[in-house]
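Asker: Sequence and predicted model, in that order:
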Amino acid sequence: MTEQIPSATAPTVAEGEGHTSSPRLWARVPWTRVAIGVGFFVVAIALAYLRAGNGDVVRQAVLTGILIGGVYGLVAMGLTLIFGVLDIVNFAHGAFLAVALYITVTMVSRLGVNPLVALFVAVPVMFLLGAGVQRFVLAGAMGKPLENQLLITLGLALLIDNVLLMSFGPNPQSVKLPGDTGVQIFGAVATVSRLLAFGVAIVLAALLYVLLQRTRLGTAIRAVAANEAGAQLVGIDTRRIYMATFAIGTACAGAAGVLVAPLVTIEPTTGELFNIIAFVVVVLGGMGNVIGALVGGLIIGLTEQLGALYFPGQSPLLSVFVVFVLVLFLRPQGLFGKAS
């Protein structure tokens, strides 16, 4: 069956009337909630000033939180894209990120290239890996009970982690970005590696926006997410869209893995930490909402860094989970999600 993209005059697909299983990938920005969120962080930063008693420390926390939050958003965008279209909660997302980390380590150690050059290898490799996993592993689980998909992706994550362990060993590794010096920004210091990671993550997020909003493939992806049956009626090959969407989501994890490689200690299980954070970000932003994933990533990055000032000596994830629990109680559908 040839793929035909629905036109703007096909409201059944574009608008997704009567379809509730998959939320919109890109919803209208709820400016009221955004304003409330901004106000909350203004108050949180003011309280952090009072708590720390040092403006330089707070500025550093805010800058670091924004920079790392952009990367969190990129990781979560791939995860939420997969959920929004395939309706699959992908527990292997962090493991895919770990594969990209080791691609970066291998290229840097054996070829001596700049770590960012690994983007041109890791992203295509992860795209193909994601396409293969969806086609040969997950395709048979489509439409099956949720626990089937969860067990498959969890098993896949364990398999990838152990393959990495056997291939590269348990010893921690690291990569260095040449010229990774500190840069003064508004009285705070950011390393070049963090600035590049944030900048490239935002550029990739913008490219994903253009792909989803301005291309035929993006139109087809949004149509399948809104109304799978309607998309099939107008000639869209949903199997191809499923495979392409999972591949794009996996490529996002691969890109994020390359970007964070100079920032983290690399081990076979490193991706699991990002997996946990990505799930928190996705729930915070709204399951299946791409804008929500990016905004949620920035919020979690700031929460993680400011929380270290409120709870010194505790895990940075403590404040993240406090916010996570509050969102589940106050707005379980997420900041950008819609109540079912």
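Answerer: Now that the structure is in, tell me what you want to look at.

Asker: hang on, Val320 packs against Ala308?
Answerer: No: assessed by Cβ atoms under 8 Å, Val320 is found out of contact with Ala308, at 10.6 Å. All C-beta atoms are positioned from the backbone trio N, CA, C, and that covers glycine.

Asker: Then Ala190 would be within a helix, right?
Answerer: No: applying DSSP: H, G, I helix; E, B strand; the rest coil, one finds Ala190 to be strand, outside a helix.

Asker: who does it bridge with?
Answerer: Beta-bridge pairing for Ala190 (DSSP bridges): Val183.

Asker: ok, residues contacting stretch 45-55?
Answerer: 58, 61-62, 187, 306, 309-310 (Cβ atoms under 8 Å, 6 or more residues apart in numbering).

Asker: ok, 7 Å please
Answerer: For stretch 45-55, the external contacting residues (Cβ atoms under 7 Å, 6 or more residues apart in numbering) are 58, 61-62, 306, 309-310.

Asker: Now for those residues: which two are most distant?
Answerer: Using Cβ to Cβ, those span at most 13.5 Å, a distance reached by Val62 and Tyr310.

Asker: Those two: who's more crowded?
Answerer: Val62 (20 against 16; other Cβ atoms under 10 Å).

Asker: so Val327 makes contact with Gly285?
Answerer: No: using Cβ atoms under 7 Å, Val327 makes no contact with Gly285, being 9.6 Å away.

Asker: list residues touching both of those two?
Answerer: Gly334.

Asker: Neighbour count: these two, which is higher?
Answerer: Gly285 (29 against 19).

Asker: Distance check, the more buried one against Gln305.
Answerer: 18 Å (Cβ to Cβ, to the nearest Å).

Asker: How about Pro262?
Answerer: Pro262 is 18 Å from Gln305, by Cβ to Cβ.

Asker: same question, Arg240
Answerer: Per Cβ to Cβ, Arg240 is found 41 Å from Gln305.

Asker: more crowded one of these two?
Answerer: Gln305 (23 against 16).

Asker: low-confidence ranges in this structure?
Answerer: 1-31, 33-34, 36-37, 52-53, 338-340 (pLDDT under 70).

Asker: Helices of that one, start to end?
Answerer: For the chain, the helices defined by DSSP state H occupy 11-14, 31-52, 55-86, 93-111, 119-133, 146-168, 192-214, 216-226, 228-233, 238-260, 270-285, 290-310, 317-330.

Asker: Apart from its neighbours in sequence, what residue is nearest Phe311?
Answerer: Using Cβ to Cβ, 6 or more residues apart in numbering and skipping the chain neighbours, the partner closest in space to Phe311 is Leu318 (5.5 Å).

Asker: isn't the one you found right up against Leu306?
Answerer: No: contact criterion Cβ under 7 Å: Leu318 and Leu306 do not qualify, at 11.7 Å.

Asker: Who has more neighbours out of these two?
Answerer: Taking neighbours as other Cβ under 10 Å, Leu318 and Leu306 compare with Leu306 leading, 24 against 14.

Asker: pretty sure that one is touching Ala61, no?
Answerer: Yes: when contacts are counted by Cβ under 7 Å, Leu306 is listed as touching Ala61 (5.5 Å).

Asker: And for Ser315, the neighbour number?
Answerer: 12.

Asker: measure it to Glu304 for me?
Answerer: Applying Cβ to Cβ to Ser315 and Glu304 gives a distance of 10 Å.

Asker: Same question for Ile276.
Answerer: 12 Å.

Asker: Leu97 too?
Answerer: For Leu97, the distance to Glu304 - Cβ to Cβ - is 17 Å.

Asker: So between those two, which is more surrounded?
Answerer: Leu97 (30 against 23).

Asker: Spit out the contact partners of that one.
Answerer: Contacts of Leu97 by Cβ under 7 Å, 6+ apart are 75, 253, 256-257, 271, 274.

Asker: Between those, which sits nearest Leu146?
Answerer: Comparing the contacts of Leu97 against Leu146 with Cβ to Cβ places Ala253 closest, at 21.3 Å.

Asker: returning to what we had before: for Ala139, which of the helices of the chain is the nearest?
Answerer: Once those are compared by Cβ to Cβ, helix 238-260 is nearest, at 7.2 Å.

Asker: tilt between the closest one and helix 216-226?
Answerer: For helix 238-260 against helix 216-226, the angle by axes from the mean of the first three to the mean of the last three Cα atoms, to 10 degrees is 110 degrees.

Asker: Buried residues of helix 238-260, list them for me.
Answerer: Residues of helix 238-260 classed as buried: 238, 240-260 (neighbour count, 16 or more other Cβ atoms under 10 Å).

Asker: again with stretch 318-331
Answerer: Going by 16+ other Cβ under 10 Å, stretch 318-331 has these buried residues: 319-320, 323-324, 327.

Asker: Likewise for stretch 297-312?
Answerer: So, applying 16+ other Cβ under 10 Å, buried residues of stretch 297-312: 297-310.

Asker: do stretch 273-291 as well
Answerer: Neighbour count says stretch 273-291 has 274-275, 277-291 buried, by 16+ other Cβ under 10 Å.

Asker: do the same with stretch 195-204
Answerer: So, applying 16+ other Cβ under 10 Å, buried residues of stretch 195-204: 196-198, 200-201, 204.
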